Structures are given as structure tokens and as C-alpha cells.
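Enquirer: no sequence on this one, just coordinates:
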Ligand code: KIV
Ligand code: ZN
């Protein structure tokens, strides 16, 4: 990959998911989780992994040191550790990354007057002395030293030039100019970064200039792009844009822009972006909002009729990128605003032929149905054809009882079908799993694939209501099970029973079990 890159256009991708991302509220990662993510980042092709802040805790020190051993191979990325401009921090960073083949110490100190006066209660000269001594100290351990002017966005530009010049003269080869509180507008970011780079160069000094922007006003991607236009050659970013407060510049957004708008060249293998985002979401159990660019659930989904029609005629009408190049999928979803052409295509895809006379009525019925629901599924498409009001309740959950037998979970599940009750005892990994296994057996639906499972409580008190939404597929058909119940386990089991009923309704349409 690297040899194909034009060095003039090269943008170094520095991933800080494991450091700035990890330090954000609710995102703390354990050592094994960090290692799994670091392996994936290496597969993704990022140039630098900022693995953590070793002086912040023994746990983080151990994580950085393990990542250095396992992922810091000669072919792997640079492993970087963060440290304040304090000797003891730098020593810890140095020993934590010592087994990495390519290693970097990233040391920082704030340069804005707000931080110098309120946080340090010191002078600008004191900050320059600390910066010089920190960079020199880091250079005792490694050749690759990055220096950051924390809160560059609110720092005086001429003073920043003095600090940066001192850091370069002391041995820093990468100079990071962070907009720590996401203060700059895109045009200010361009002007300020350009001014610092040009003025430092006028002094006969140079380095790789980097940016690290936060998203407090939702401008991190825009300010980063403007900094690249101004001459920055390293971008610090995180997967899914996680990070302190409103997060950092999102790696997938920056890489997609660099690639699609030809703003430069980078090593990232974009086809692994989707799986990297999903891995991080699964590990942290925090998913990007549906409308998040590139990796959100809706980033490439088309529901409105006009858009669906455009997509059927030519993908580029509503997609500026090819989602498969980013490891994500393009989908047409259906709702009251969906179009006739897309519905016709969908029925064709499902191998259901409908004549023109019937089709108009089916579209009207489907839209009426979709108007009354948040989300429709394939069973609703059949309801519209059959002109029926609702999916029959083939199966109903009567009761479930969780018991512990020899340390294993067993659920006793009782279902009612056509007035007859049947009961089963089933083992599993917990109450929900054992009960769902029971439902699968009783309904003879063991082959259903559970592709999404979302259980949450509505309300904050102990009387909160459990709500479960699931997705179930079989042979290309997809249905959504839903239930609300004051007992969260019961709501999970009921949502599966709902999905079973929906799938059976489709099967019956095709003459029992022919799916
Ligand atoms: O936001 C920031 O300024 C940082 C520095 C440590 C680079 O995270
Ligand atoms: Zn930061």
C-alpha cells in the first residue's frame, strides 16, 4: 500500500480511538478490548495507533505495553503513547512502548493564555521551558517525538510559533496543533494553521504538521479538512468520532473525503471501515446515531419515493460514494413515503408477481399500513397483498419460568397455539437465551436467524418498562419482532414470538413452510 502513495500528497492517519476515545465518558476499554481494536486498526491500515496514556493508570500502562508487543511489529503501525510534559510521564510512556518496532512519544502542554493562567498559574516563558525539556527528555528514548500545543485553537498564533519553533529545535518531528475545544470555524482553522506553518518555515524550521480537532460545535471534520488544505499532513481522528465530550474528528469521514474528493492519499483500506466501526460499537455497546455519516444505520438507506426512484435509475443520483468501498451497504427501506417503483422492485425481488390492476390497490393499502407504524417489514408487504388487518396470533406466550439447575440456566416456556398449550424445558446462556431456544423448539422455527436484538428500559425508575425490538431473517425474508412489558425478559421472549408469527404468516402465504 505505502509504495503506491505519492509522498507529496500523503496524509498520515493517526488513530486516537484507544486514547482520546477511551478517555470519553462511558467508553472506557479494558486491555483485551484495546488489543482486539488495535488488531483491527492495524488491519484497517492506520499509520499510527495512539494506544493510551501510560501514566494515567497501571491498567492503561499494561494495555499500551501489550499492544506494543503484539501489534508493534516491523510491518505494523507506529505505536504511540501520550504523556504530559512531565519527566515521570515521559519515562512511563517510553517503557510502555519499548517493545514496539516503530514507536512514538507524544508529549503535550497547553499554550492558550486561558490554560496558562487558570490551569498552570504560570507564564508563557515557563510553558516554553517545559516544552523544550519534555521534547529533549522524550528524544532520550525515541527518535519519533510528537509535540502538541494543547488548546491551539484559542492560543495566540505568534506565541504558538515560538513554542513550536522551540519544540522543533529540541527534536520534535511532528507538531500537532489541536483545536482542543472545537472552537475554530473552518475558515479560521485554515488561516491559523497556514499562518503557523508558513511562519515556522520562514524561520528555516520544518516538521510534519498535524491537527487534532474536537467536535464541540459539530465542526471537527470541516476544520480538519481546512487544516489539510492549509498544509497539515497528519490527521488525528477516532472511529465513529468518539472522544472527549462531543468527540473527535471522525476517521471514517475524513478518509471518505480524502478519497472521494481526492484531497490527498492515505494508507487506510477503506473496505474495512464498516467492520471496524461495528467492532467498536459492539465492544463499547454504544452505536453511532442512525444519521451518522458513513457508518450510521441510515447513511446509505433510501426510503422516500423520489430518492428510491432515482436510486433505481442510477445509484449516483443519491449516493456520492460507493458504500461497498467503505464496507457498508446500500438499502432501500420502506415506509409511507416510499415510491411505487421501489415497491414494485421489492415485490419482484421477493418473487411475488402482481398484475397492474391489483398493484395500485396494494400500494395504497401498504401506505395506509406504513402510516400507522414506525417500521414496516416483509410481513407487512404480504398483509397489503392479502388485504388483511393484522398478522394472526399463531403463537402466544403463556408463561416462562427461569430456574437454575446445577449452575445452568433453564427456562420453562409455555406457549398457546390454536387453543392448545405446550410447555418445554430448555437450557441456554441466561434467561433470555434459554427461553428463546424453547420458543424455537415449540414453534419448530430453529432455523430463524436473529440478526439484531435491542432491549432497553423506558423510564429511569425501578418501575421502568422493558421494550425489545428484534430482526429475524430466513431465506432473504426479514421481519421485525416487537414487544413492551413491565418484565424486560418477558418483552424479549414476546418479541421473538411476534417475529415467529410474522415469519409464519409469510410462509403460509407461500403454502406452508415453502420458504
Ligand atoms: O484535545 C487535545 O488537545 C488532546 C491533546 C492531548 C492532543 O487530546
Ligand atoms: Zn483531544
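Expert: Received, thanks. Bear in mind the structure is a predicted one, so any value in this text is a computation, not a measurement. Ligands and ions are numbered 1, 2, ... in the order given.
Enquirer: which bits of the stretch 201-350 of the chain sit near ligand 1?
Expert: Contact residues (CB under 6 Å from any ligand atom) of the stretch 201-350 of the chain with ligand 1: 212, 214. Where C-beta positions appear, they are placed from N, C-alpha and C, glycine not excepted.
Enquirer: count of residues packed around the closest residue to ligand 1 within the stretch 201-350 of the chain?
Expert: As assessed by CB to the nearest ligand atom, ligand 1 sits closest to residue 212 within the stretch 201-350 of the chain, at 4.9 Å. Close neighbours of residue 212, defined as other CB atoms under 10 Å, add up to 30.
Enquirer: what of residue 415?
Expert: 23.
Enquirer: where is the longest helix in this protein?
Expert: Counting by DSSP state H, the longest helix found in the chain is helix 488-509.
Enquirer: which secondary structure elements does it contact?
Expert: For helix 488-509, the packing partners by 3 or more CB pairs under 8 Å, 6 or more residues apart in numbering; DSSP states H and E come out as helix 378-386, strand 396-405, helix 431-443, strand 449-458, strand 465-474, strand 477-485.
Enquirer: gap between that helix and the chain center?
Expert: On the basis of CA atoms, centre = their mean, to the nearest Å, helix 488-509 sits 30 Å off its chain's mean C-alpha point.
Enquirer: for stretch 24-39, give the distance from the opening residue to the closing one.
Expert: One end of stretch 24-39 sits 21 Å from the other (CA to CA, to the nearest Å).
Enquirer: same check on stretch 147-159?
Expert: OK, stretch 147-159 end separation, CA to CA: 15 Å.
Enquirer: equivalent analysis for stretch 320-329, please.
Expert: Termini of stretch 320-329 sit 14 Å apart (CA to CA).
Enquirer: give me the buried positions along it.
Expert: 321, 323, 326, 327, 328 (16 or more other CB atoms under 10 Å).
Enquirer: hang on, the earlier thing: ok, which of the helices and strands packed on helix 488-509 comes nearest residue 280?
Expert: Residue 280 sits nearest to strand 449-458 of all these, at 17.2 Å, using CB to CB.
Enquirer: could you give the angle of the closest one to helix 431-443?
Expert: Between strand 449-458 and helix 431-443, the angle formed by their directions is 130 degrees, by axes from the mean of the first three to the mean of the last three CA atoms, to 10 degrees.
Enquirer: follow-up on the earlier one: report the mean confidence score over the longest helix of the chain.
Expert: Across helix 488-509, pLDDT averages out at 96.
Enquirer: quick thing: my sequence starts at 54, can you match it?
Expert: Yep, numbering from 54; the last one is helix 541-562 now.
Enquirer: now for residue 100: which residues touch it?
Expert: 65, 66, 67, 130, 131, 319, 320 (CB atoms under 8 Å, 6 or more residues apart in numbering).
Enquirer: about what we covered before: am I right that the residue of the stretch 254-403 of the chain closest to ligand 1 sits in a strand?
Expert: Yes. Secondary structure of residue 265 (DSSP: H, G, I helix; E, B strand; the rest coil): part of a strand.
Enquirer: show me which residues of the stretch 54-203 of the chain sit near ligand 1.
Expert: 73, 135, 161, 201, 203.
Enquirer: what count of nearby residues applies to the first one?
Expert: Think residue 73. Neighbours of residue 73 using other CB under 10 Å come to 25.
Enquirer: got it, and the second one?
Expert: Burial of residue 135 is recorded as 26 neighbouring residues (other CB under 10 Å).
Enquirer: correct me, but residue 153 touches residue 121?
Expert: Yes. Taking CB atoms under 8 Å as the definition, residue 153 is a contact partner of residue 121 at 3.8 Å.
Enquirer: buried sites along stretch 408-422?
Expert: Here stretch 408-422 shows 415, 416, 418, 419, 420, 422 as buried, counting by 16+ other CB under 10 Å.
Enquirer: isn't the first one up against residue 435?
Expert: No. Contact status for residue 415 versus residue 435: not in contact, 10.3 Å apart, counting by CB under 8 Å.
Enquirer: farthest-separated two in the buried residues of stretch 373-382?
Expert: Going by CB to CB, the pair spanning the buried residues of stretch 373-382 furthest: 374 and 380, at 11.6 Å.
Enquirer: now residue 383. Nearest residue, chain neighbours left out?
Expert: In space, and not counting its chain neighbours, residue 383 is closest to residue 353: 4.3 Å by CB to CB, 6 or more residues apart in numbering.
Enquirer: for that neighbour, give its distance to residue 386.
Expert: For residue 353, the distance to residue 386 (CB to CB, to the nearest Å) stands at 11 Å.
Enquirer: who has more neighbours, those two?
Expert: residue 353 (21 against 15).
Enquirer: check which helix or strand covers residue 349.
Expert: Using DSSP states H and E, residue 349 sits within no helix or strand.
Enquirer: hmm, I was thinking of residue 252
Expert: Using DSSP H and E, residue 252 falls in helix 239-255.
Enquirer: where does this protein dip in pLDDT?
Expert: Within the chain, the ranges that satisfy pLDDT under 70 run 54-56, 565-568.
Enquirer: how's it carved up into domains?
Expert: For the chain, automatic domain parsing gives the domain ranges 63-337, 354-439, 449-564.
Enquirer: can you pull out the strands in the stretch 54-203 of the chain?
Expert: 65-68, 101-105, 131-137, 156-163, 197-203 (DSSP state E, counting those that start in this stretch).
Enquirer: ok, which of those strands comes nearest residue 306?
Expert: Nearest of those (CB to CB): strand 65-68, 12.2 Å.
Enquirer: the closest one pairs with which strands?
Expert: Taking DSSP bridges as the criterion, strand 65-68 sits next to strand 101-105 (parallel), strand 287-290 (parallel) in its sheet.
Enquirer: how far off centre is the longest one?
Expert: Strand 101-105 has its C-alpha centroid displaced from the chain centroid by 17 Å (CA atoms, centre = their mean).
Enquirer: quick check: angle from that strand to strand 197-203?
Expert: 70 degrees.
Enquirer: strand 101-105 vs strand 131-137, what angle?
Expert: Using the same axes, to 10 degrees: strand 101-105 against strand 131-137 is 40 degrees.
Enquirer: ok so, going back, beta partners of the residue of the stretch 254-403 of the chain closest to ligand 1?
Expert: Those that pair with residue 265 in a beta bridge, by DSSP bridges, are residue 231, residue 289.
Enquirer: residue contacts, it?
Expert: 67, 69, 73, 201, 229, 230, 231, 232, 233, 289, 301, 302.
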